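Peer 1: build me a model from this:
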Amino acid sequence: MDGQNRKDIYPGLEVGIILKKDQRSGNITYGVVKDLLTSSAFHSRGIKVRLEDGQVGRVTEIIED
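Peer 2: Coordinates of the predicted model:
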């Protein structure tokens, strides 16, 4: 899954996100979702979330068990 649909993302889910400062380099930061910040059902660049450690970025991948 790529993180473009809000219905696929929920608090407690482990995800990979791209921070604003890493958009050019494409570095992915991994963590656990605390809050969903995008209110629309779909976003072409990924749903924006806040991780439990406070970092904010757009979901690029969902880590599945």
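Peer 1: please count neighbours and contacts with C-alpha atoms only from this point.
Peer 2: Will do.
Peer 1: which residues are in contact with Asn27?
Peer 2: For Asn27, the contacting residues are Ile18, Leu19, by CA atoms under 8 Å, 6 or more residues apart in numbering.
Peer 1: flag the shaky bits of the chain, pLDDT-wise.
Peer 2: The chain contains residues with pLDDT under 70 at 65.
Peer 1: in the sheet, who's paired with the residue positioned nearest the centre of the chain?
Peer 2: Centroid check for the chain by CA atoms, centre = their mean gives Val59 as the closest residue, at 2.4 Å. Beta-bridge pairing of Val59 under DSSP bridges involves Ile17.
Peer 1: tell me the spacing between it and Asp53.
Peer 2: 15 Å (CA to CA, to the nearest Å).
Peer 1: equivalent analysis for Leu37, please.
Peer 2: For Leu37, the distance to Asp53 equals 15 Å [CA to CA].
Peer 1: so those two - more neighbours on which side?
Peer 2: It is Leu37, of Leu37 and Asp53, that has more neighbours when counted by other CA atoms under 10 Å, with 14 against 10.
Peer 1: show me what contacts that one?
Peer 2: Ile47, Lys48, Val49, Arg50.
Peer 1: neighbouring strands - and their directions - for the helix or strand harbouring the third one?
Peer 2: Read it as Val49. If you go by DSSP states H and E, Val49 is part of strand 48-51. Taking DSSP bridges as the criterion, strand 48-51 pairs within the sheet with strand 29-36 (antiparallel), strand 56-62 (antiparallel).
Peer 1: give me the contacts around that strand.
Peer 2: Contacts for strand 48-51 (CA under 8 Å, 6+ apart): Gly31, Val32, Val33, Lys34, Asp35, Leu36, Leu37, Thr38, Val56, Gly57, Arg58, Val59.
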